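Undergrad: quick one: sequence and predicted model below, then my questions.
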Amino acid sequence: MSRLVVVSNRVGIPDGSARAGGLEVSIRPALKKRGGIWFGWSGKVAEERTGAAKTVEHDKVSYITIDLLKGDYEEFYNGFANRVLWPILHYRLDLAEFTRRDLGGYFRVNQYFVENLERVLRPDDVIWVHDYHLMPLAQILRERGHKNRIGFFLHIPCPPPEILTGLPNHERLIPALCHYDLVGFQTENDANNFSRYLANEVGLRRAGDDGFYYEDRVVHIGIFPVGVETEAFTRLARRAISTQFVSDVMASMSDRALIIGVDRLDYSKGIPERLNAYERFLANFPDWRGLVTYLQITPRSRTDIREYADIGRLVGETVGRINGTFGEASWTPLRYINKAHSRSSLAGLYRYARVGLVTPLRDGMNLVAKEFIAAQDPDDPGVLVLSRFAGAARECSAALLVNPYDSEGVAIAINRALGMPLEERRMRHQANYAALTRNDLTQWAERFLGRLEEHVPAETETRPAARRSGGAVA
Ligand SMILES: O=P(O)(O)OC[C@H]1O[C@H](O[C@H]2O[C@H](CO)[C@@H](O)[C@H](O)[C@H]2O)[C@H](O)[C@@H](O)[C@@H]1O
Ligand SMILES: O=c1ccn([C@@H]2O[C@H](COP(=O)(O)OP(=O)(O)O)[C@@H](O)[C@H]2O)c(=O)[nH]1
């Protein structure tokens, strides 16, 4: 079996810290099983380029990281990746702030990744690149003569061509993905949007059921919804429920029903809209006042970006308003926490909660939704209220699916979840849990890598040059 080299902006070095972010969570077990290299950013900003990558060896995996310079961090991470690609791929053209300087920084850092990566690359390595930070990586590697099999997985949504074409320089960025052998998406919708873009905007010709001819090669497209380690997470939750941490939370609840939300502080997660829905719930279903507590765990994220600071302020104000309006001396309706929690603590809280609120405005997958399901006691499960715009809604269709923009509808769903009869809760939970076991995290990685490795090596799979411009292709 070839050596696996995973490349992503974030690298999950196993240092025991609680970090919020699904990409790290999803890659770690796959690499642990197969071994290999995990290459990416250290998360540190350095004064100058030393050129030295740092390596940590742990359990068959070499974690190799490089620092970014302040300018790289600003232009690549805060700039083009998170102020342009993140909002646009989450359907928020209105929030994108494009500058040519940031675009330059994006390509410069991708080039820097490649220069460091090729020091450790072997010709038969299988390279798996993750996420929107590194879209041009394969093109740069190919231009430097690397013929490895290279796959790309997009963890976040891919919007329709009508939105993608609003991305400045989309003509350079999106077709760059065709230098990968396999491009994977979370849902059918994302994959179809990408295919429509390639067919209609780039004018590529289809190659079989799942690919397109591009220059002298074929790019394959696949759907690989990220899963969780379902059974392991269930065991974690079973153990965590009796820890001191969860016992302390329970004791503080005075038998009130727990509603829980866990999200990075990100506008894509729909937190203000969710809080408005909770406010509506308290207003429209007054019998529940004093009987529920909503706990929102929201670690800060991307704090140097204005939109993230804005959303932080808005959430803080909304929490204050709700507690001020509905709170009593003996009851706080809403607890809002910015501290990141360990997965074990979260697992225990999910199991104890009666309702999980996962209502992003748009989300690639949302692992919190799947973890909430995995954590439940099958004999007495809580209910998941889930946005229809989260990738997880495809598989977890037995959740109460809601439109996160409709605060009254979400309020009704919260009321329904809290009052749901045991039989219905069990049926919904069983259906969702079965969907998770059909596609857990190990299968996700195996399916992606299996598909990547089943194709003949890139250099031998050549086809006639594709049409590079023009209208739709049948
Ligand atoms: O690295 P950060 O800027 O701190 O952000 C954290 C991660 O957020 C995003 O996660 C996504 O991947 C999840 C797993 O597939 C998916 O469930 C979720 O819907 C996505 O939003 C981002 O894609 C990662 O690159 C970041 O590391
Ligand atoms: O305090 C926290 C908050 C979140 N998470 C984890 O971070 C991941 C978040 O992934 P998700 O796909 O829900 O969203 P993302 O943040 O990647 O957009 C999940 O595994 C959470 O359990 C965590 O470990 N501690």
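TA: Right, received. Where do you want to start? Ligands and ions are numbered 1, 2, ... in the order given.
Undergrad: show me the shaky parts of the chain.
TA: Counting by pLDDT under 70, the chain has low-confidence residues at 18, 20, 51, 456-474.
Undergrad: residues of it that sit close to ligand 2?
TA: 18, 20-23, 25, 262, 264, 297, 299, 340-341, 343, 346, 365-368, 371 (C-beta under 6 Å from any ligand atom). Every C-beta, even on glycine, is put in place using the N, C-alpha and C of the backbone.
Undergrad: among the residues you listed, name the buried ones.
TA: Buried residues within those, defined by neighbour count using 16 or more other C-beta atoms under 10 Å: 20, 22-23, 25, 262, 264, 297, 299, 340-341, 346, 365-368, 371.
Undergrad: now, among those, which is nearest to ligand 2?
TA: Looking at those and their distance to ligand 2, the nearest is residue 22, at 2.6 Å (C-beta to the nearest ligand atom).
Undergrad: which residues touch that closest one?
TA: 155, 226, 364-367 (C-beta atoms under 8 Å, 6 or more residues apart in numbering).
Undergrad: next, give phi and psi for residue 128.
TA: phi -120, psi 110 (degrees, to the nearest 10).
Undergrad: you'd agree it is up against residue 153?
TA: Yes - judged on C-beta atoms under 8 Å, residue 128 makes contact with residue 153 at a distance of 7.0 Å.
Undergrad: which neighbours do the two share?
TA: What both residue 128 and residue 153 touch, as defined by C-beta under 8 Å, 6+ apart, is the set residue 448.
Undergrad: on that earlier part again, let me have the contacts of residue 22 in CSV, extended by distance to residue 147.
TA: Below are the contacts of residue 22 laid out as CSV (distance: C-beta to C-beta, whole Å):
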residue, distance to residue 147
155, 26
226, 28
364, 30
365, 31
366, 36
367, 34
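Undergrad: buried stuff in stretch 420-439?
TA: Here stretch 420-439 shows 420, 425-426, 428-429, 432-433, 435-436, 439 as buried, counting by 16+ other C-beta under 10 Å.
Undergrad: equivalent analysis for stretch 176-188, please.
TA: Applying 16+ other C-beta under 10 Å to stretch 176-188 flags 176-187 as buried.
Undergrad: those in helices, which ones?
TA: Residues of the buried residues of stretch 176-188 located in helices (DSSP state H): none.
Undergrad: could I get those residues as TSV with distance to ligand 1?
TA: Shown next, in TSV, are the buried residues of stretch 176-188 (distance: C-beta to the nearest ligand atom, whole Å):
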residue	distance to ligand 1
176	18
177	16
178	21
179	20
180	17
181	20
182	16
183	15
184	11
185	11
186	7
187	11
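Undergrad: so which of these belong to strands?
TA: 182-185 (DSSP state E).
Undergrad: so which bits of this protein are right by ligand 1?
TA: 10, 21-23, 26, 131, 155-156, 226, 301-302, 363-367.
Undergrad: and which of these is nearest to residue 308?
TA: Ranked by distance to residue 308 (C-beta to C-beta), the residues of the chain next to ligand 1 are led by residue 302 at 4.7 Å.
Undergrad: so what's the residue nearest to that closest one when sequence neighbours are not counted up against?
TA: Spatial nearest neighbour of residue 302, chain neighbours left out: residue 308 (4.7 Å); criterion: C-beta to C-beta, 6 or more residues apart in numbering. Shown in contact with residue 308 (C-beta under 8 Å, 6+ apart): 265-267, 300-302.
Undergrad: follow-up on the earlier one: which of the buried residues of stretch 420-439 fall in helices?
TA: 425-426, 428-429, 432-433, 435-436.
Undergrad: dihedrals phi and psi, residue 384?
TA: Main-chain dihedrals, residue 384, degrees, to the nearest 10: phi -100, psi 120.
Undergrad: ok, back up a step: in helices, which of the contacts of residue 22 appear?
TA: Those of those lying in helices (DSSP H): residue 367.
Undergrad: before we move on, back to that, now, which of the buried ones among the residues of the chain next to ligand 2 sits nearest residue 205?
TA: residue 365 (30.7 Å).
Undergrad: so the closest one touches residue 185, yeah?
TA: No - using C-beta under 8 Å, residue 365 is not in contact with residue 185; the gap is 10.3 Å.
Undergrad: any idea how many residues pack against the residue in the stretch 151-300 of the chain that ligand 1 sits nearest to?
TA: For the stretch 151-300 of the chain and ligand 1, the shortest gap (C-beta to the nearest ligand atom) falls at residue 155, measuring 3.4 Å. For residue 155, the tally of surrounding residues (other C-beta atoms under 10 Å) stands at 23.
Undergrad: tell me which residues in stretch 166-178 are buried?
TA: Within stretch 166-178, judged by 16+ other C-beta under 10 Å, the buried ones are 167-168, 170, 173-178.
Undergrad: I misspoke; the intended subject was stretch 93-104.
TA: For stretch 93-104, the neighbour count (16+ other C-beta under 10 Å) marks 95-96, 98, 102-103 as buried.
Undergrad: secondary structure added to those, as JSON lines?
TA: Shown next, in JSON lines, are those (DSSP: H, G, I helix; E, B strand; the rest coil):
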{"residue": "95", "secondary structure": "helix"}
{"residue": "96", "secondary structure": "coil"}
{"residue": "98", "secondary structure": "coil"}
{"residue": "102", "secondary structure": "helix"}
{"residue": "103", "secondary structure": "helix"}
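Undergrad: tell me the one among these nearest to ligand 2.
TA: Using C-beta to the nearest ligand atom, the buried residues of stretch 93-104 come closest to ligand 2 at residue 95, 15.9 Å.
Undergrad: let me see the contact set for the residue lying closest to that closest one once chain neighbours are set aside.
TA: Setting aside the residues directly before and after it, residue 95 is nearest to residue 87 in space (C-beta to C-beta, 6+ apart), at 3.9 Å. Neighbour list for residue 87: 93-96, 307 [criterion: C-beta under 8 Å, 6+ apart].
Undergrad: name the helix or strand for residue 87, please.
TA: helix 86-89 (DSSP states H and E).
Undergrad: enumerate the positions of that helix that are buried.
TA: 86-89.
Undergrad: for stretch 29-48, same thing?
TA: 29-31, 33-34, 36-42.
Undergrad: next, the distance between the ends of that stretch.
TA: The first residue of stretch 29-48 is 33 Å away from its last residue (C-alpha to C-alpha, to the nearest Å).
Undergrad: three-state assignment of residue 349?
TA: Going by three-state DSSP: residue 349 is helix.
Undergrad: separation between it and ligand 2?
TA: 10 Å (C-beta to the nearest ligand atom, to the nearest Å).
Undergrad: run a quick neighbour tally on that residue.
TA: 25.
Undergrad: just the one 3 residues further on next, same as before
TA: Other residues near residue 352 number 22, with proximity taken as other C-beta under 10 Å.
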